[in-house]
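Novice: Structural data only, the sequence is not supplied:
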């Protein structure tokens with residue numbers, strides 16, 4: 001077997017071998033070139049000449065991705081912080097990246113004392129970069145698939161029980177707060193985030209077989225969603241008077257969390273409640289009524305089933321506490337029974 005390489009500059013062969021992907025790699029250096037610069041030649045067998053492309057390091061790939069991808073400035077800062085850790089850990093050519101290299105980087109981040117959520121965030125950014133490299137035929141995505149991903153942080157989710165919600169909505173407040181009450185009730189009945197409730201328009205409310213459903217644009221994920229409505233949500237929408245394009249007038253919505261604090265205090269609910277508590281409560285209620293976790297994932301628009309499982313754990317703990325509260329029957333003899 002003979003490999004013919006034709007170039008337009010004099011060179012020395014530094015190394016000949018195979019990459020982790022089984023490609024023939026010939027490293028050359030030329031006169032006047034920076035010693036750090038090397039070239040990979042994708043050699044073709046026969047008389048045709050080989051094509052060249054520079055070896056790209058992981059840090060260079062991250063930098064290129066940030067430049068060309070449509071990334072918000074706030075998100076870019078996460079990539080830059082990840083790059084600093086990657087620089088301290090040790091840069092590597094894309095050709096030489098292995099599953100072990102990525103796995104060890106995750107371990108390195110954990111040993112730096114970073115929170116689990118931060119480690120997971122940096123891994124997600126790295127995965128975006130490597131997936132982009134794969135699309136450009138610079139990386140084997142099978143390497144990434146074999147990586148054991150960092151676990152999601154088990155954050156505490158504040159939610160209201162069905163009994164607490166009934167007590168809350170039966171607690172009277174001044175009429176001027178009706179809009180805020182309606183927004184919170186609608187979120188408890190649909191799981192919608194505040195941004196989606198506040199931006200909901202009447203044109204998003206559709207009818208099918210005399211039942212209402214929503215076709216709306218989700219603000220956080222920038223995706224179009226279709227959501228069926230429960231009877232509670234339908235009744236609320238039908239009770240509202242239309243005055244403008246938006247379903248809920250939200251001129252006072254910036255004070256809604258302060259209102260919720262006062263409302264809960266009046267209802268004698270001793271929990272830290274924010275508008276997002278409504279979304280948590282909706283999810284927990286679904287799981288309490290034994291709705292499939294995969295159906296709950298779809299209704300909540302969770303991209304990751306692990307997020308939904310956090311609520312399932314909460315529900316299981318609640319059930320365990322409930323069972324332990326059951327009374328004992330005195331003088332009960334199981335053998336005689």
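Specialist: Good, I have the coordinates. Only a predicted model underlies this, so the values are computations on that prediction, with no experimental measurement involved.

Novice: can you give me the helices in the protein?
Specialist: Along the chain, the segments classed as helices by DSSP state H run 58-68, 73-89, 99-111, 116-135, 141-145, 162-169, 178-190, 194-198, 231-239, 256-266, 276-288, 293-300, 305-324.

Novice: Run through the neighbouring helices and strands of the fifth one.
Specialist: Translated: helix 141-145. helix 99-111, helix 116-135 (3 or more CB pairs under 8 Å, 6 or more residues apart in numbering; DSSP states H and E). For the C-beta atoms, the positions are set from N, CA and C on the backbone; glycine is no exception.

Novice: Can you tell me which of these is packed in deepest?
Specialist: Sort the helices and strands packed on helix 141-145 by mean neighbour count, taking mean count of other CB atoms under 10 Å, and helix 116-135 sits at the top with a mean of 18.

Novice: Touching, residue 214 and residue 200? I think so.
Specialist: Yes: taking contacts as CB atoms under 8 Å, residue 214 lies within contact range of residue 200: 7.4 Å.

Novice: And these two? Which one has more around it.
Specialist: residue 200 (23 against 19; other CB atoms under 10 Å).

Novice: Could I get the contacting residues of the more buried one?
Specialist: 192, 214, 216, 246, 247, 248 (CB atoms under 8 Å, 6 or more residues apart in numbering).

Novice: go again using 10 Å as the cut-off
Specialist: Counting by CB atoms under 10 Å, 6 or more residues apart in numbering, residue 200 touches 183, 186, 190, 192, 214, 216-217, 237, 245-248, 250.

Novice: before we move on, back to that, mind listing the shared neighbours of residue 214 and residue 200?
Specialist: 190, 192, 237, 247.

Novice: show me the contacts for the first one.
Specialist: To tie it back to what came earlier, the one meant is residue 190. Here residue 190 is in contact with 196-197, 200, 214, 227-230, 232-233, 236, 278-279, 282, 299 (criterion: CB under 10 Å, 6+ apart).

Novice: what sits against residue 265?
Specialist: So residue 265 contacts 171, 273 (CB under 10 Å, 6+ apart).

Novice: Distance-wise, check it relative to residue 259.
Specialist: 11 Å (CB to CB, to the nearest Å).

Novice: One more: residue 237?
Specialist: Taken as CB to CB, the span from residue 237 to residue 259 is 21 Å.

Novice: can you check residue 79 too?
Specialist: 38 Å.

Novice: likewise residue 222?
Specialist: Distance from residue 222 to residue 259, by CB to CB: 29 Å.

Novice: Low-confidence ranges, the stretch 151-300 of the chain, go.
Specialist: Low-confidence segments of the stretch 151-300 of the chain (pLDDT under 70): 152-156, 250-254.

Novice: burial measure for residue 300, as a count.
Specialist: The burial count for residue 300: 19, using other CB under 10 Å.

Novice: repeat for residue 164
Specialist: Residue 164 has 18 nearby residues by other CB under 10 Å.

Novice: My guess is it contacts residue 267. True?
Specialist: Yes: counting by CB atoms under 10 Å, residue 164 touches residue 267, with 7.8 Å between them.

Novice: list residues touching both of those two?
Specialist: residue 273.

Novice: Contact partners for residue 207?
Specialist: Residue 207 sits in contact with residue 213, where contact means CB under 10 Å, 6+ apart.

Novice: What distance do you get for residue 116 to residue 198?
Specialist: From residue 116 over to residue 198 (counting by CB to CB), the distance is 31 Å.

Novice: just to revisit the earlier point, just send the helices of the chain back as JSON lines, with distance to residue 208 too.
Specialist: Formatted as JSON lines, the helices of the chain follow (distance: least, CB to CB, whole Å):
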{"stretch": "helix 58-68", "distance to residue 208": "43"}
{"stretch": "helix 73-89", "distance to residue 208": "38"}
{"stretch": "helix 99-111", "distance to residue 208": "46"}
{"stretch": "helix 116-135", "distance to residue 208": "37"}
{"stretch": "helix 141-145", "distance to residue 208": "40"}
{"stretch": "helix 162-169", "distance to residue 208": "27"}
{"stretch": "helix 178-190", "distance to residue 208": "16"}
{"stretch": "helix 194-198", "distance to residue 208": "20"}
{"stretch": "helix 231-239", "distance to residue 208": "12"}
{"stretch": "helix 256-266", "distance to residue 208": "31"}
{"stretch": "helix 276-288", "distance to residue 208": "21"}
{"stretch": "helix 293-300", "distance to residue 208": "17"}
{"stretch": "helix 305-324", "distance to residue 208": "26"}
